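J.: sequence plus the predicted model coming up.
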Amino acid sequence: MILRLLTALLLPLLASLLHAAPPIPITRDISALFLTSTEPPPLFYMNASGKPAPFAVGMQGRGPVNRVPVGETLRLMREVKDPATGATTYPPVLDLPLSARQTPALLVFFHGPNGAITHRLIEDDPSVHPANSVRFLNLSAHEVACKVDSDTLVLQPSDGRTVRVANPSAFVYVYGARQPDGSIFKFPPNRLKFPRDDMRLLVLFSTLPDQVEGGFGEGPRQILIVRDARIFDRVKTDEPTRPQLTRL
C-alpha cells in the first residue's frame with residue numbers, strides 16, 4: 001500500500017522534471033558601430049536559440065544591443081544564398097575572442113593606419129566608465145592629445161583614459177594630433193554638457209592620412225586628419241524593488 005502511494009506521488013514529479021524547460025542561456029550585451037563613411041555589410045550571429053540572427057550595427061553611433069550568448073568567441077557571419085538551390089548558408093567572416101566577463105562590450109569598426117577598415121572590441125563596464133565621466137580611447141596609430149577643462153591627456157596608440165567632469169552641465173573639450181612635421185594641430189574648443197545626470201560620454205579617436213597642396217610652390221604635403229566620435233549614453237542602473245502589499 002505504501003509502495004503504491006509513493007509511486008503515485010513520484011511519477012508526476014518525475015514527469016514534470018523530464019519535461020522541464022531547458023535552462024535559459026546567459027547572454028552578454030554587445031553593441032557595435034561603424035566610424036567609416038561606407039555602409040556596413042549585413043552581419044549575423046548565433047543567438048541564444050542557436051539560430052542566425054541579424055547583428056545590429058550603428059553608423060557613427062552606438063547601435064542597438066545584441067544579446068550574444070556568453071562564450072569564448074563572438075563569431076560574425078554573412079548570409080549567402082545559392083541562386084540554383086535557394087539554400088542559405090552563413091560562412092564566418094570574423095571571429096573575436098571574448099573574455100569570461102558578462103559586462104557589456106562595444107565593437108568598433110574604423111579605418112586603420114593603411115586606410116583599410118579594422119575593428120576593436122572594447123570592454124564597456126559601467127564601473128570603469130561611470131556617469132558624469134568622459135572616456136577617451138585612441139584607436140589610431142598616432143599620438144592624440146586632448147584636454148578637458150584643466151586636465152591635459154596625451155594618448156599613445158591604443159591608449160585610453162577616463163576623466164571625471166567637475167561640472168557636468170558645462171565643460172570645455174579640445175583635441176588635436178601631432179602632424180608628420182612635429183606640430184600639433186588643435187581643433188576649436190567644444191563646449192559640452194551631459195544631457196542627464198545618469199549619462200556618460202565616450203570619445204573615440206581615429207586618424208586618416210591625407211595629402212594637401214602646399215602653398216608657394218611647396219608641392220603636396222601629408223597631413224593627419226583626426227576624427228572624434230562622441231557617444232553619449234545612459235548608465236544602466238538596477239531598478240529599485242518596489243515593496244509589495246500583502247493582505248493580512
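T.: The structure has been received and is ready for your questions.
J.: got the CA coordinates for stretch 140-152 in PDB?
T.: Extracted C-alpha coordinates of stretch 140-152, given in PDB (Å, rounded to 0.1, in the frame of the first residue of the first chain):
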ATOM      1  CA  SER A 140      44.700  55.300 -34.200                       C
ATOM      2  CA  ALA A 141      48.300  54.500 -34.700                       C
ATOM      3  CA  HIS A 142      49.300  58.100 -33.900                       C
ATOM      4  CA  GLU A 143      49.600  60.200 -30.800                       C
ATOM      5  CA  VAL A 144      46.500  62.200 -29.900                       C
ATOM      6  CA  ALA A 145      46.300  65.000 -27.300                       C
ATOM      7  CA  CYS A 146      43.100  66.200 -25.700                       C
ATOM      8  CA  LYS A 147      42.100  68.500 -22.800                       C
ATOM      9  CA  VAL A 148      39.000  68.600 -20.600                       C
ATOM     10  CA  ASP A 149      38.900  71.800 -18.700                       C
ATOM     11  CA  SER A 150      42.300  71.900 -16.900                       C
ATOM     12  CA  ASP A 151      43.100  68.100 -17.400                       C
ATOM     13  CA  THR A 152      45.500  67.500 -20.400                       C
END
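J.: check which residues of that stretch are buried.
T.: Within stretch 140-152, the residues scored as buried using 16 or more other Cβ atoms under 10 Å are S140, H142, E143, V144, A145, C146, K147, V148. No exception for glycine: its C-beta is placed from N, CA and C like everyone else's.
J.: check stretch 30-44 too.
T.: Buried-residue list, stretch 30-44, by 16+ other Cβ under 10 Å: I30, S31, A32, L33, F34, L35, T36, P40, L43, F44.
J.: what about the third one, which SS state?
T.: I take that to be A32. A32 carries the three-state label strand when classified by DSSP: H, G, I helix; E, B strand; the rest coil.
J.: list the contacts of it.
T.: The neighbours of A32, taking Cβ atoms under 8 Å, 6 or more residues apart in numbering as the test, are F55, A56, V57, G58, G63, N66, L106, L107, V108, F109.
J.: V165: which of those residues is nearest?
T.: For the contacts of A32, the residue nearest V165 by Cβ to Cβ is L106; the value is 20.4 Å.
J.: quickly list what the closest one is bridged to.
T.: S31, I122 (DSSP bridges).
J.: how near is it to Y90?
T.: Using Cβ to Cβ, to the nearest Å, L106 is found at 23 Å from Y90.
J.: comparing these two, which shows the higher neighbour count?
T.: Counted by other Cβ atoms under 10 Å, L106 and Y90 do not tie: L106 has more neighbours, with 21 against 16.
J.: I am finished for the moment; much appreciated.
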